[in-house]
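Visitor: everything below, folded, please.
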Amino acid sequence: MITGKTLARLRRLHLYMGVTIAPLILFFALSGAWQTFGFHKDAKDGSYIAPTVLSVVSDVHEHQRAGSNAHRSTAFAVVALLAALGLVATTAMGILMAFRFAPKPLIVWTLLAVGILLPAFLLWIGS
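Guide: Numbers count the residues shown, from 1 in each chain. Here you go, the predicted model:
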């Protein structure tokens, strides 16, 4: 059982970690979103020319480098890995707190199931 003092520490840690990694998580979420639809690449038939900013930012996302001639930044890759681990940790903390603060655990379980099953279903019907 999580005590009040432990829960307060968990909430504070969740806050500090979340705020620290938020800019990088938003960067990867947004750049990943336009990459999902291919907005960062020119169309082969020339019907679409990707804005330079999308191509440059996507290069950072995909190859950890700024500019086509630049070398991959290992330091940036390590920071991205730490942000990913931080996202996993803060998500786990958020789920724990959801169970603690939700009026009924069934609500949390249901929403977790929807979050797992809906994307899986959409992938399945799209294949």
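Visitor: so which bits of the lowest-mean-pLDDT helix or strand in the chain are buried?
Guide: Of all regular secondary-structure elements in the chain, judged by mean pLDDT, DSSP states H and E, the least confident is helix 52-63 with a mean of 91. Within helix 52-63, the residues scored as buried using 16 or more other CB atoms under 10 Å are Val56, Val57, Ser58, Asp59, Val60, His61. From N, CA and C alone the C-beta is placed, and that goes for glycine too.
Visitor: can you give me the helices for the chain?
Guide: Along the chain, counting by DSSP state H, helices occupy 4-36, 52-63, 74-101, 105-126.
Visitor: least reliable of these going by mean pLDDT?
Guide: With a mean of 91, helix 52-63 has the lowest mean pLDDT of these.
Visitor: Asp42: which of the helices of the chain is closest?
Guide: Of all these, the one in closest proximity to Asp42, counting by CB to CB, is helix 52-63 (8.3 Å).
Visitor: which strands or helices does the closest one pack on?
Guide: helix 4-36 (3 or more CB pairs under 8 Å, 6 or more residues apart in numbering; DSSP states H and E).
Visitor: where does Tyr48 land on pLDDT?
Guide: The model's pLDDT for Tyr48 equals 94.
Visitor: export stretch 77-90 as CSV, just CAs?
Guide: C-alpha atoms of stretch 77-90 as CSV (Å, rounded to 0.1, in the frame of the first residue of the first chain):
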residue,chain,number,x,y,z
ALA,A,77,20.8,9.9,-28.9
VAL,A,78,21.7,9.3,-25.2
VAL,A,79,19.5,12.2,-24.1
ALA,A,80,16.7,10.9,-26.3
LEU,A,81,17.0,7.4,-24.7
LEU,A,82,16.9,9.0,-21.2
ALA,A,83,13.8,10.9,-22.3
ALA,A,84,12.2,7.7,-23.5
LEU,A,85,13.0,5.9,-20.2
GLY,A,86,11.6,9.0,-18.4
LEU,A,87,8.4,8.7,-20.4
VAL,A,88,8.1,5.1,-19.4
ALA,A,89,8.7,5.9,-15.8
THR,A,90,6.4,8.8,-15.6
